[in-house]
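Engineer: Fold the stuff below for me.
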Amino acid sequence: MVQLNELRPSAEQEIANILALLRSGRGQDAENVARSLQRRYPSRADANEALALVLVNVGKMGDAFKFAEAAVRLDPTNTNYIINMGRLYLEAELIEEASPLLEKAYAMNPKLFQAPLALGEFYSATGNGRRAVAYLRQALAACPPQMRHMIEMKLAEDLSALGQNDEAQAIYQGLQGHPTLRQRALSRAVNLKKFGIESEYFRQLNHEIAKGPQSTDTEVDLRLALGHVFENSGRYDEAFEQYRLSKAEAVGQYPIEEFKGVVSDLIEMFQAQEMESFANFGDPSELPVFVVGLPRSGTTMTEQIIAAHPEGGGVGESRRIGGLARAMIGRNQRGLFARMREGGPVRCRELATGYVKMLKFMAPGALRVVDKMPHNFMNIGFISLFFPGARIVHCLRNPAD
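Structural biologist: Below is the predicted model:
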């Protein structure tokens, strides 16, 4: 009988080959080899982890979960497996599942910066700057030198969002000599205060634009920043020209006719009589408050006002509702009602209750918790079905403002 230790070198070599295939862009080949390896060695943690890694890289995150979970179950002391599982949960916005795992990994080995970095990135993406800053500081204290500048950039962005501009400015200035982050740091620093054309930043912006932006994104940022400097100095024609050039780089052709079709389908689908047939499919909790509207319409201020109440809380811009809606609707949004009937009220309620649990985890003790993802205006019908007790605040603003 062949012993496990006799198999190990072969499996390890196959894992190395899988990673090499991924690096060379041969994702389908990597998946085929990884699936074969996992089928032969289903009790090996590294075989399950390799398959999970491949599936994430080829865009099959949903399929990756069971293999990542198997790797952690088979080797519960491997902090890298725990961190990767936690990151998967974060990608799915399952913060209530991710946070204990990542905290555990960090406690097991505080020298591993990946766990607090993942939490910092999550809270930054969802608009919870205070939590993001705390975790990013932990990551910065533990990270290797080659990762320091990238984490500093993230930290400065969250500090500036919190209004801690002096500290953010100091970090951005320290990044001025970095070969790849220099231009991004410069454009961010300029926007922290009202610098005019007499400032050193004006000269630096012109120098970087003349030298050549590193990417389309950095050109957009640099020209926006230069536009702000001109505007601060009252040179509005020149400011407008920079804004125009910035937009010329940033804007593509929006598929407006396709979007009109989606909106028409939504209006046709969500009729009162049809929705009444799903009266018992959602979670009746009154905890969620959805603040929706076009970007720059006041959603952030609305969340801040509600969350400032002693019994209020906020989770920032969560993508969880959009993810739930896409999972239920699939490629054809007209199939939503059929999928709900197929799943039944118990399954639908479980999905909704999972979201409510996330709100409770992120804002413990709150009576109302705000999710201020502006584009949830496209999901109001879905929200009404799955969260019939929720409040919806629709922010409107004159476009000219």
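
Engineer: chain center to stretch 73-89: distance?
Structural biologist: 20 Å (Cα atoms, centre = their mean, to the nearest Å).

Engineer: Run through who's touching that stretch.
Structural biologist: Defining contact as Cβ atoms under 8 Å, 6 or more residues apart in numbering, one finds that stretch 73-89 is touched by 43-46, 48-49, 52-53, 56, 61, 64-65, 68-69, 71-72, 95, 97-99, 101-102, 104-105, 108-109, 112, 114-115, 118. Heads up, the C-betas are built off the backbone N, CA and C, glycines and all.

Engineer: again, only this time at 7 Å
Structural biologist: By Cβ atoms under 7 Å, 6 or more residues apart in numbering, the list of residues contacting stretch 73-89 from outside reads 43, 45, 48-49, 61, 64-65, 68-69, 71-72, 97-98, 101-102, 104-105, 108-109, 112, 114-115, 118.

Engineer: quick check: longest helix of this protein.
Structural biologist: Secondary structure assigned by DSSP state H gives helix 336-362 as the longest helix of the chain.

Engineer: pLDDT weak spots in this structure?
Structural biologist: Residue ranges of the chain with pLDDT under 70: 1-10, 250-253, 330-332.

Engineer: run the last query once more with 80
Structural biologist: Scanning the chain for pLDDT under 80 picks out the ranges 1-11, 93, 125-127, 249-254, 327, 329-334.

Engineer: about what we covered before: can I get the buried part of the contacts of stretch 73-89 as one ChimeraX selection?
Structural biologist: Typed into ChimeraX, the line below selects the buried ones among the contacts of stretch 73-89, using 16 or more other Cβ atoms under 10 Å:
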select :45,48,49,64,65,68,69,71,72,97,98,101,102,105,112,114,115,118
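
Engineer: From the contacts of stretch 73-89, which land in helices?
Structural biologist: 45, 48-49, 61, 64-65, 68-69, 71-72, 97-98, 101-102, 104-105, 108, 114-115, 118.

Engineer: what packs against the longest helix of the chain?
Structural biologist: Helix 336-362 makes packing contacts with helix 95-108, helix 320-329, helix 380-386 when contacts are defined by 3 or more Cβ pairs under 7 Å, 6 or more residues apart in numbering; DSSP states H and E.

Engineer: Name the strands paired with the helix or strand following that helix and say parallel or antiparallel.
Structural biologist: Moving toward the C-terminus from helix 336-362, the next helix or strand (DSSP states H and E) is strand 368-371. In the sheet, strand 368-371 lines up against strand 288-293 (parallel), strand 312-314 (parallel) (DSSP bridges).

Engineer: In terms of helix, strand or coil, where does Ser318 fall?
Structural biologist: Secondary structure assignment for Ser318 (DSSP: H, G, I helix; E, B strand; the rest coil): coil.

Engineer: Run through the bridge partners of the spatially closest residue to it that is not a sequence neighbour.
Structural biologist: Excluding the flanking residues, the one nearest Ser318 by Cβ to Cβ, 6 or more residues apart in numbering is Asp371, at 4.9 Å. Under DSSP bridges, the beta-bridge partners of Asp371 are Phe290.

Engineer: Would you confirm that Asp371 contacts Val315?
Structural biologist: Yes - under the criterion of Cβ atoms under 7 Å, Asp371 makes contact with Val315 at 5.5 Å.

Engineer: Okay, the residue positioned nearest the centre of the chain and Arg188: tell me how far apart.
Structural biologist: Central residue check for the chain by Cα atoms, centre = their mean: the C-alpha nearest the mean position is that of Ala125, 4.7 Å away. Distance of Ala125 to Arg188, computed by Cβ to Cβ, to the nearest Å: 17 Å.

Engineer: One more: Leu351?
Structural biologist: Separation of Leu351 from Arg188 (Cβ to Cβ): 38 Å.

Engineer: Those two: which is more packed in?
Structural biologist: The neighbour comparison of Leu351 against Arg188 (other Cβ atoms under 10 Å) goes to Arg188, with 21 against 17.

Engineer: Would you tell me what helix or strand that one is located in?
Structural biologist: For Arg188, the host element (DSSP H and E) is helix 182-190.

Engineer: between the helix or strand just after that helix and helix 182-190, how big is the angle?
Structural biologist: Towards the C-terminus, the helix or strand next in line after helix 182-190, according to DSSP H and E, is helix 200-211. Put simply, helix 200-211 runs at 150 degrees to helix 182-190, going by axes from the mean of the first three to the mean of the last three Cα atoms, to 10 degrees.

Engineer: Output the contacting helices and strands for helix 200-211.
Structural biologist: Checking 3+ Cβ pairs under 7 Å, 6+ apart, helix 200-211 ends up next to helix 182-190, helix 216-232.

Engineer: Nearest residue to Gly127 in space, please, no chain neighbours.
Structural biologist: Excluding the flanking residues, the one nearest Gly127 by Cβ to Cβ, 6+ apart is Gly316, at 2.8 Å.

Engineer: give me every residue that touches that neighbour.
Structural biologist: 126-128, 372.

Engineer: ok, now Gln138?
Structural biologist: Pro116.

Engineer: Other residues contacting stretch 165-185?
Structural biologist: Applying Cβ under 7 Å, 6+ apart, the contact partners of stretch 165-185 are 149, 152-153, 155-156, 159-160, 186, 188-189, 192-193, 208, 213-214, 218, 221-222.

Engineer: mind redoing it with 6 Å?
Structural biologist: Here stretch 165-185 makes contact (Cβ atoms under 6 Å, 6 or more residues apart in numbering) with 149, 152-153, 156, 159-160, 188-189, 192, 208, 214, 218.

Engineer: if I look at Ile171, how far off is Ala325?
Structural biologist: Distance from Ile171 to Ala325, counting by Cβ to Cβ: 37 Å.

Engineer: hmm, I was thinking of Asn165
Structural biologist: Asn165 sits 37 Å away from Ala325, going by Cβ to Cβ.

Engineer: cool, and Leu53?
Structural biologist: As judged by Cβ to Cβ, Leu53 and Ala325 stand 28 Å apart.

Engineer: out of the two, which sits in the more crowded spot?
Structural biologist: The residue with more neighbours, out of Leu53 and Ala325, is Leu53; 21 against 18, by other Cβ under 10 Å.
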